[in-house]
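S.K.: Just a sequence and a predicted model for now, questions to come.
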Amino acid sequence: MKFTIERADREDVYRDVIRIPEKYRQGIDGKIIPEGSVCKITLPTGKKVFAIIRGMRDAGVPVEKPIAKMDERLRNRLGLQVGDRVELRLKKVGTIGAFRWAWSASDPAYRAMARMALLSLTLAVLSVILAIKGVL
């Protein structure tokens, strides 16, 4: 589906959030993607980003146009400008995709969390290996 690209609301800047009206948040399988899901957004050119999909803040007025609000950082990564009409393919991702999103998130709190989680996992695996070697 083709979306018209618009500027993100001020509170969404550097949050890796793309706002799309619910009726247009269809994944590649045709199902509506729930609000708050981490998705991979892909262009026909192959450029892609990971972002959180949210609904529109429209004060109860339904949005009848396929628009996608994103901040400058996401637009730059996709090579888009405000006003462009472009096909966006949305795919909800699992745990690995959510981790990839957090690893490269704009917000340093998410990045730090993902990197500390990887460090913790690495230390846990190392501890198990050393424990097994000590028993043998």
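M.R.: It's in.
S.K.: show me where pLDDT drops low in this structure?
M.R.: Within the chain, the stretches with pLDDT under 70 are 57-62.
S.K.: All the helices of it, in order from the start?
M.R.: For the chain, the helices identified by DSSP state H occupy 72-78, 95-103, 108-135, in order along the chain.
S.K.: Out of those helices, which is closest to Glu6?
M.R.: The closest of the helices of the chain to Glu6 is helix 72-78. By Cβ to Cβ, the value is 9.8 Å. No exception for glycine: its C-beta is placed from N, CA and C like everyone else's.
S.K.: follow-up on the earlier one: deepest of the helices of the chain, which one?
M.R.: Mean neighbours per residue, mean count of other Cβ atoms under 10 Å, is largest over those for helix 72-78, with a mean of 18.
S.K.: Tell me which other helices or strands that one touches.
M.R.: In terms of contacts (3 or more Cβ pairs under 8 Å, 6 or more residues apart in numbering; DSSP states H and E), helix 72-78 is packed against strand 48-54.
S.K.: Could I get the buried residue list for the strand it packs on?
M.R.: Val49, Phe50, Ala51, Ile52, Ile53, Arg54 (16 or more other Cβ atoms under 10 Å).
S.K.: That one vs helix 95-103, what angle?
M.R.: Put simply, strand 48-54 runs at 90 degrees to helix 95-103, going by axes from the mean of the first three to the mean of the last three Cα atoms, to 10 degrees.
S.K.: got the contact list for strand 48-54?
M.R.: 12, 15-20, 25, 33, 35-42, 70, 74, 77-78, 90, 93, 97, 100-101, 104 (Cβ atoms under 8 Å, 6 or more residues apart in numbering).
S.K.: In PyMOL, select just the buried ones from those.
M.R.: Only the buried entries of those go into this PyMOL selection, using 16+ other Cβ under 10 Å:
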select buried, resi 12+15+16+17+18+19+20+25+33+37+38+39+40+41+42+70+74+77+78+90+97+101
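S.K.: Next, format the buried residues of strand 48-54 as a markdown table and append distance to Arg85.
M.R.: Shown next, in a markdown table, are the buried residues of strand 48-54 (distance: Cβ to Cβ, whole Å):
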| residue | distance to Arg85 |
| --- | --- |
| Val49 | 18 |
| Phe50 | 22 |
| Ala51 | 19 |
| Ile52 | 23 |
| Ile53 | 19 |
| Arg54 | 21 |
